[in-house]
Every structure is written in structure tokens, then in C-alpha cells.
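J.: After the sequence you'll find the predicted model.
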Amino acid sequence: MTDLGEIFSRTSDAVFAIDGACRIVYRNEIFADLFQCPASEGSGRPCYEVVCGKTLGGQVFCSPDCPVGKSLTNDRPVENFDLIISPAHGDSAWVSVGSSPLPKTFHRAVAVFLIRPVNVMHALNRLAHGGPSKENDETAHRLTPRERQILRLLAEGRSTKELADILHISHVTVRNHIHNIFEKLDIHSRAEAVSFAYRNSLL
């Protein structure tokens, strides 16, 4: 993991990378300090056990079935999102999480995450708006039960073929449903659909 160490040696963000099984294979010193885990801890453990993230609404986010990890390990980008982290030996904190799939040149590491404490102005802005906007809430409610089901499966990183097999419908019908979801939510990609679902507690 020398290359990742060189790349992130001067960043002020907490950084960690995962392998295809979502185990931590690299972390920088700032990550170790933020999660108050010594060098002997963290590496090799599933990321959800270390990060212990929850949504801003208090729901468990980090889990063995993490859709973010599934998307990234399948080389699908995910938009930035906020979490409340509760390290085992530290205080809870509000953080912003960025992530990216990694090229195969990094060997075991398939994705990298950057964690940054949310600044005061951002936190005040989020609190002032009280979470999802009324407009987004109304938009989300326009989705049919089937469209919500498909949105949840998209968030798990499922392909069109997998969706068709799971729901016992044709590929064309799946594409039509996805098109309708994009139209209703005014989005243009699966990554945006997943991000919308996270922000509006649809998962």
C-alpha cells in the first residue's frame, strides 16, 4: 500500500481503502486518530466495524450489506454523503464522506474513502433545512411501490439483468422503470438515484 501512502501523506482528511470484501487494507494516521484505534487495530477488519456510521436520522448505515461498498467494488462511483460516526473509543462526530473506485494498479485496494468533519456553517445549513426538503419528500412519494423497490435494488449495485431476474420481469420493463425513476426524480444516472435515496431516507 506504499502508493496510497504517498498519495495521501499530506492530506488533512482521514483516509482508508478497502478490498473487494470491504476489508480495510490501508488507512492513514488521521484515520487512526479520528477513530482512536492504534496501529494494531483497524487494518484487515470490515470497514463497517470500524466506521460504525449512522444516517443523520440515527439509522444504522454501515453494515455487511453496505450498498456504497457494493457500488464501489463494482467500479460504480457514489456521490458524497454525510454520516454520524461513533467510534468504539471516541465521541460521536458528524462527517462528510467522499469515495472513489481505484484502478487495478493498486492491487488489493479497490476503493478509497476520504472522511472530513463537517464544518460549522455546513452543519448549521443542514440543521436549518431540517433534513430532506419538502420538495424532495413530495417527489419521492410520487414513486410507485415497484419503483421504490427498484431504487433499493439499484442502491445495492444490482445490474439490469439481476433486477429482471429478481423481479421476474423483462429487461425492457426494468429499463422503463429506471427511466421513469430518473424522470420523476430529475436525475440522470444510477449514482444520482442512489444518492437521492440516501439523502431522503428511502433505503
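T.: Happy to help now that I have it.

J.: pLDDT score for the nearest residue to residue 52 once chain neighbours are set aside?
T.: Among residues not flanking residue 52 along the chain, residue 86 sits closest, at 5.0 Å (Cβ to Cβ, 6 or more residues apart in numbering). The C-beta positions use only the backbone N, C-alpha and C, and glycine is treated the same way. Looking at residue 86, its pLDDT is 75.

J.: same deal with residue 170?
T.: 91.

J.: Which residue of this protein lies farthest from its centroid?
T.: Largest separation from the mean C-alpha position in the chain: residue 170, at 28.7 Å (Cα atoms, centre = their mean).

J.: give the contact list for it.
T.: By Cβ atoms under 8 Å, 6 or more residues apart in numbering, residue 170 lies in contact with residue 164.

J.: Against residue 163, how distant is it?
T.: When Cβ to Cβ, to the nearest Å is the yardstick, residue 170 and residue 163 sit 10 Å from each other.

J.: picking that back up, does the residue nearest to residue 52 touch residue 54 like I think?
T.: Yes - at 6.9 Å, residue 86 counts as touching residue 54 under the criterion of Cβ atoms under 8 Å.

J.: and residue 172, how many neighbours?
T.: 10 (other Cβ atoms under 10 Å).

J.: And the pLDDT for residue 123?
T.: 54.

J.: Return the set of buried residues in the top helix by length along the chain.
T.: Taking DSSP state H as the assignment, the helix of the chain that covers the most residues is helix 171-185. For helix 171-185, the buried set under the neighbour-count rule, 16 or more other Cβ atoms under 10 Å, comprises 174, 177, 178, 180, 181, 185.

J.: all helices for the chain, in order.
T.: Under DSSP H, the chain gives helices at 2-7, 29-34, 47-51, 67-73, 120-129, 134-141, 145-155, 160-167, 171-185, 190-199.

J.: mind checking which of those helices is nearest residue 13?
T.: Checking the helices of the chain against residue 13 by Cβ to Cβ gives helix 29-34 as the closest, at 6.7 Å.

J.: Any chance you could list what contacts the lengthiest strand in the chain?
T.: Longest strand in the chain by number of residues, with DSSP state E as the criterion: strand 93-101. Outside strand 93-101, the residues that touch it by Cβ under 8 Å, 6+ apart are 34, 53, 56, 68, 72-73, 75-78, 80-85, 110-118, 122-123.
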